[in-house]
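*Asks:* sequence? don't have it. structure:
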């Protein structure tokens, strides 16, 4: 992370897919909920358990002291593997300058529940996205750059970002949705559009056997890519860049 944030203890994830000036730019915000199991331990500890609430619970529904307590339990291993993600916000912009987009992201990060919270800001730094990434970094918002490639392996970059095959981004999101781990709030304005974009995605196999992933002709994929940045990061980071790697400062080089 460019500003020293520890992504192991983040539970808000923002994916920003940048389009050309006449294309859509999309922003997806997802929350990793808190796991609340059966009470255990001392009377003082069990008093923190909310009445009637078990399983995955949004941190916005808990008191700050409860969030702190259950997050501590989470990272001590007291939760199921492969937690869900709650997609809380979807936004798409068009015919808006990149400087306005940067300011809108900065403003969003100043509002509850993101302000003062632990978040990861994932930015599509492919093509025009690099300039936006640099502006976000100058504002000390700690973005992580994701360059979308047509390759077959994920590579860490010297500046702390990642080169990620497009197929990995898309398939991670499709699998998470099919498994019920990506939970899209029905009231979101673009929820139906995102679901349709995912369904419209197609795999094309070239004469040389190379596969590519793209939306149907004439369709947009900005919402898919914004959500996919979040879904891919959440699963990939926890599989490959774990506590031990951080503790020993092992290099992040290539994962296939």
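*Replies:* Happy to help now that I have it. Computed from a predicted model, the values in this text were never measured in an experiment. Numbering: from 1, shown residues only.

*Asks:* could you use CA atoms for every contact and neighbour count after this?
*Replies:* Noted.

*Asks:* so where's the stretch 101-250 of the chain shaky on pLDDT?
*Replies:* Under the criterion pLDDT under 70, the flagged ranges of the stretch 101-250 of the chain are 117, 202-220, 238-250.

*Asks:* mind listing what residue 31 touches?
*Replies:* Shown in contact with residue 31 (C-alpha atoms under 8 Å, 6 or more residues apart in numbering): 11, 12, 13, 58, 85, 86, 87, 88.

*Asks:* can you give me the neighbour number for the second one?
*Replies:* Read it as residue 12. Number of residues near residue 12 (other C-alpha atoms under 10 Å) recorded here: 23.

*Asks:* state the pLDDT value of it.
*Replies:* On pLDDT, residue 12 comes in at 92.

*Asks:* name whatever forms a beta bridge with it.
*Replies:* residue 31, residue 119 (DSSP bridges).

*Asks:* all numbers from here: first residue = 58
*Replies:* All right, first residue 58 from here; so that's residue 69.

*Asks:* if I look at it, how far off is residue 85?
*Replies:* As judged by C-alpha to C-alpha, to the nearest Å, residue 69 and residue 85 stand 11 Å apart.

*Asks:* specify which member of the contacts of residue 88 is nearest to residue 232.
*Replies:* residue 142 (12.5 Å; C-alpha to C-alpha).

*Asks:* my read: that closest one touches residue 240, true?
*Replies:* Yes. Using C-alpha atoms under 8 Å, residue 142 is in contact with residue 240, at 6.1 Å.

*Asks:* tell me which helix or strand comes right after the longest strand belonging to the chain.
*Replies:* When the chain is scanned for its longest strand (criterion: DSSP state E), the result is strand 142-150. Once the chain leaves strand 142-150, the next helix or strand it forms, by DSSP states H and E, is helix 155-165.

*Asks:* ok and that next one relative to strand 142-150, angle-wise?
*Replies:* 150 degrees (axes from the mean of the first three to the mean of the last three C-alpha atoms, to 10 degrees).

*Asks:* so what's residue 206 up against?
*Replies:* Taking C-alpha under 8 Å, 6+ apart as the definition, contacts of residue 206 comprise 220, 221, 222, 223.

*Asks:* report the buried members of the residues you listed.
*Replies:* The neighbour count (16 or more other C-alpha atoms under 10 Å) marks 220, 221, 222, 223 as buried among the contacts of residue 206.

*Asks:* show me these that map onto helices.
*Replies:* residue 223 (DSSP state H).

*Asks:* can I get the buried ones among the contacts of residue 206 in TSV with distance to residue 192?
*Replies:* Shown next, in TSV, are the buried ones among the contacts of residue 206 (distance: C-alpha to C-alpha, whole Å):
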residue	distance to residue 192
220	20
221	22
222	24
223	24
